[in-house]
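1. with the input below, show me the fold.
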Amino acid sequence: MLVDAEGAPLAVGKRFTVLSPKIIRAVLLRDHHCRICGRTYGLQVHHLRPRSLGGTDEISNLAMVCTADHPDLVPHGPWALVGNPNQPDGLRLVRYHDLTADQARHYGLPPPPRGASP
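-> Here you go, the predicted structure:
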């Protein structure tokens, strides 16, 4: 729940967000493994552009990763998985704060904040 300074409710969101089993199955069939390290177990669907940054649940915005081994992905960490997940070697890991505003926009991410380094 989002509240204002006086504690009055402004918005109520979902407690959990759930992808449909069909979408998860489609991403797993496409990727078969973690798109970062290649592991085939402990996989979860990762949003390349997180929902909190305007991302969607479209398959072109999703990739399988073993998040237990890669917890530092955007929005919780400084690393972004960018590129085209529909290509076998279409994704790469980059430091989000090292992207220029144009590069971030190209990957569908908001420009990284400047001045403060994580």
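
2. from here on, just use CA atoms for contacts and neighbour counts.
-> Will do.

3. so how far is stretch 75-95 off the chain centroid?
-> Offset of stretch 75-95 from its chain centre (Cα atoms, centre = their mean, to the nearest Å): 8 Å.

4. let the chain start at 11 from now.
-> Done: numbering now begins at 11, and the last item shifts to stretch 85-105.

5. in that stretch, which residues are buried?
-> For stretch 85-105, a neighbour-count test (16 or more other Cα atoms under 10 Å) marks 85, 88-96, 101 as buried.

6. name the single longest helix found in this protein.
-> The single longest helix within the chain, with elements called by DSSP state H, is helix 31-41.

7. average pLDDT for that helix?
-> On average, the pLDDT along helix 31-41 is 96.

8. packing partners for it?
-> Judged by 3 or more Cα pairs under 8 Å, 6 or more residues apart in numbering; DSSP states H and E, the packing partners of helix 31-41 are strand 72-75.

9. make it 10 Å
-> Contacts defined by 3 or more Cα pairs under 10 Å, 6 or more residues apart in numbering; DSSP states H and E place helix 31-41 against strand 54-57, strand 72-75.

10. can you list the strands that the last one pairs with?
-> With DSSP bridges as the criterion, the sheet partners recorded for strand 72-75 are strand 54-57 (antiparallel).
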